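1. Sequence first, then the predicted structure:
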Amino acid sequence: HMQTNLRFGCVILRHYLNIEQGNLYLALGRYNGSRGRAEYPNAVLGARKRWEVPTA
C-alpha cells in the first residue's frame with residue numbers, strides 16, 4: 001500500500017516540520033530518528049538537489 005505509506009510519511013514529516021519551525025534539516029533528522037546526526041538529512045537533501053527541476 002504505497003499510497004498509504006507515502007501519505008502517512010508526509011503527515012509525519014509535516015508534523016516534524018511544524019515542531020522544528022520549518023527547518024527541513026532538523027525535521028528530517030526527527031523523521032529518521034537520527035536527530036543530531038547529519039547522514040540522513042544530508043542524503044535526502046543531496047538527493048533532492050539531483051531531482052530538482054530548475055525554474056525559469
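-> That came through, no problem. Residues are numbered from 1 along each chain as shown.
2. number of nearby residues for the residue lying closest to Arg35 once chain neighbours are set aside?
-> Leaving aside its sequence neighbours, Arg35 sits nearest to Gly29 (Cβ to Cβ, 6 or more residues apart in numbering; 4.2 Å). Glycine gets a C-beta too; all of them are placed from N, C-alpha and C. Residues contacting Gly29 under the criterion other Cβ atoms under 10 Å number 21.
3. hang on, isn't Gly29 packed against Pro41?
-> Yes. Contact status for Gly29 versus Pro41: in contact at 5.3 Å, counting by Cβ atoms under 8 Å.
4. picking that back up, in which helix or strand does the residue nearest to Arg35 reside?
-> helix 24-32 (DSSP states H and E).
5. distance of the residue lying closest to Val44 once chain neighbours are set aside from Met2?
-> With Cβ to Cβ, 6+ apart as the criterion, Val44 has its nearest non-adjacent residue at 5.3 Å, and that residue is Leu28. Distance of Leu28 to Met2, computed by Cβ to Cβ, to the nearest Å: 20 Å.
6. cool, Arg14 as well?
-> For Arg14, the distance to Met2 equals 18 Å [Cβ to Cβ].
7. Next: Lys49.
-> In terms of Cβ to Cβ, Lys49 sits 24 Å off from Met2.
8. so where do the helices sit in this protein?
-> Secondary structure of the chain, counting by DSSP state H: helices at 2-19, 24-32, 39-51.
9. Rebuild those helices as TSV, extending it with mean pLDDT.
-> TSV is the format used below for the helices of the chain (pLDDT from 0 to 100):
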stretch	mean pLDDT
helix 2-19	97
helix 24-32	96
helix 39-51	94
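10. ranking those helices by burial, who's on top?
-> Among the helices of the chain, ranked by average contacts under mean count of other Cβ atoms under 10 Å, first place goes to helix 24-32 (a mean of 18).
11. got a list of what Tyr40 touches?
-> Shown in contact with Tyr40 (Cβ atoms under 8 Å, 6 or more residues apart in numbering): 28-29, 32, 34.
12. farthest pair in these?
-> Pairwise distances across the contacts of Tyr40 (Cβ to Cβ) peak at 8.5 Å, for the pair Leu28 and Ser34.
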